[in-house]
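J.: Please work out how this folds:
(one chain, ligands or ions: 1)
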Amino acid sequence: MHDTERFFAQTYAEARAGFIRAAEARGLQVHSHLHPLRGQDGEPLAMDVARDGPADAAAVLIISSACHGVEGFCGSGVQRALLAEAAFGHAARAAGVAVLYIHALNPWGFSWWRRTTHENVDLNRNFHDFHRPLPENPAYDELASAIVPPQWPSPQADERLAAYAAAHGDRALQAAITAGQYKHPQGIFYGGRAPTWSQQTLRHVLQDHGRQCQRLGWIDLHTGLGPSGHGERIFAGPNDDRVLARARAWWGDAVTSIYDGSSTSALLSGLMWLSAGQECPHAEVTGMALEFGTVPMAEVVAALRADQWAENHPECDAAQRARVRRQVREAFYTDTPTWKAQIVQQGLEAAHQGVRGLAV
Ligand SMILES: [Zn+2]
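T.: Numbering: from 1, shown residues only. Okay, the predicted model is just below:
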């Protein structure tokens, strides 16, 4: 693969226009679910959906981007590369697999370079039945004022987190911060108290496109975890060994799981991917998150803490805010030709494997 740069954008608006162009060049219609707010350049925001394949296809492969807004720079690039690769379209058609591209699950975060939705919610912690008790995260509660401290930077807060890691281990600190929490709306990895716009809209998309098929595959594109340029294939589904075995048959034994500790990710709650089984109960669902590494985890977490601090402090000066926002973007988007080429190559491979898995 050469010249992968052309699939990647510098702004959400550019990414969206490129996606729509790529879909239309393939003769696909794009259905846009408009978001109620505008982006950072005043542009409209939307979850854009393009389906390559008949409405009654027995198998559907979802390729989705920007669950975590700013991570969409990567996911959108992979989607555009797939739309441009004629061989992928042919392979899917020959296998009877419809490909459903969902561009910008969280367009607001994509445009504003935030990981969260406009509700300050981590979309991949938001998929709960909010009439039932929400998971507890006592470790986050204990550390909340150090995770997002009143001042930034805060060496004292950093020391508290380091002391927690020294006492309980790095994995325990990672889980405390990232597993999801439901009590600190001005904190990070907050799962919300109600379904977000993105959750509600995605459920409609799944109902429209997933209810008729018998087999549903899902590759959800992420960044910010693991070694730079490496795509960790993280099982995305229920804690069910049969489903995990199917994901490994499709995507290889390297598929990791948050349920058995093999993933770089902590055990999470409120996962988006479970919505496929809920909305498409007749389909056999097989999914994975393709999680591309960028910078070391400590830098990623520091960027998110700083970003949330700035969000909580509208009075913070413009130069500091701009620095923090740039830090977030760089934590989730490595804007180099080498990294982009690695992303595209692994994204294409995973998508081809998904088609083969669904074809069986
Ligand atoms: Zn993510």
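
J.: Enumerate the positions of the longest strand anywhere in the chain that are buried.
T.: When the chain is parsed with DSSP state E, its longest strand is strand 215-228. By 16 or more other CB atoms under 10 Å, the buried positions in strand 215-228 come out as Arg215, Leu216, Gly217, Trp218, Ile219, Asp220, Leu221, His222, Thr223, Gly224, Leu225, Gly226. Bear in mind the C-beta positions are built from the backbone N, C-alpha and C, glycine included.

J.: could you say what helices and strands the helix or strand just after it packs with?
T.: Under the assignment DSSP states H and E, the closest C-terminal helix or strand after strand 215-228 is strand 231-235. Here strand 231-235 touches helix 241-251, strand 284-293, helix 337-359, going by 3 or more CB pairs under 8 Å, 6 or more residues apart in numbering; DSSP states H and E.

J.: interface residues of this structure facing the ion?
T.: By CB under 5 Å from the ion, the residues of the chain that approach the ion are His68, Glu71, His222.

J.: Now the spatially most central residue of the chain: closest residue in space, sequence neighbours ignored.
T.: Closest residue to the average C-alpha location of the chain: Cys67 at 3.5 Å, with CA atoms, centre = their mean. Excluding the flanking residues, the one nearest Cys67 by CB to CB, 6 or more residues apart in numbering is Leu105, at 4.7 Å.

J.: hang on, the earlier thing: is it correct that the residue nearest to the centre of the chain is in contact with His222?
T.: Yes. If you go by CB atoms under 8 Å, Cys67 and His222 touch, sitting 6.7 Å apart.

J.: Report all helices and strands that the longest strand of the chain contacts.
T.: Packing partners of strand 215-228 (3+ CB pairs under 8 Å, 6+ apart): strand 59-64, helix 72-84, strand 284-293, helix 297-312, helix 318-332, helix 337-359.

J.: Also compute the angle for the last one relative to helix 241-251, please.
T.: It stands for helix 337-359. Angle of helix 337-359 versus helix 241-251, following axes from the mean of the first three to the mean of the last three CA atoms, to 10 degrees, is 120 degrees.

J.: partners of the longest strand of the chain in the sheet?
T.: Note on strand 215-228: by DSSP bridges, its sheet partners are strand 59-64 (parallel), strand 284-293 (parallel).

J.: Arrange these in JSON lines, one row each, with mean neighbour count and mean pLDDT as further columns.
T.: Listed next are these as JSON lines, based on neighbours: other CB atoms under 10 Å; pLDDT from 0 to 100:
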{"stretch": "strand 59-64", "mean neighbour count": "26", "mean pLDDT": "98"}
{"stretch": "strand 284-293", "mean neighbour count": "25", "mean pLDDT": "98"}
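
J.: Many thanks, have a good one.
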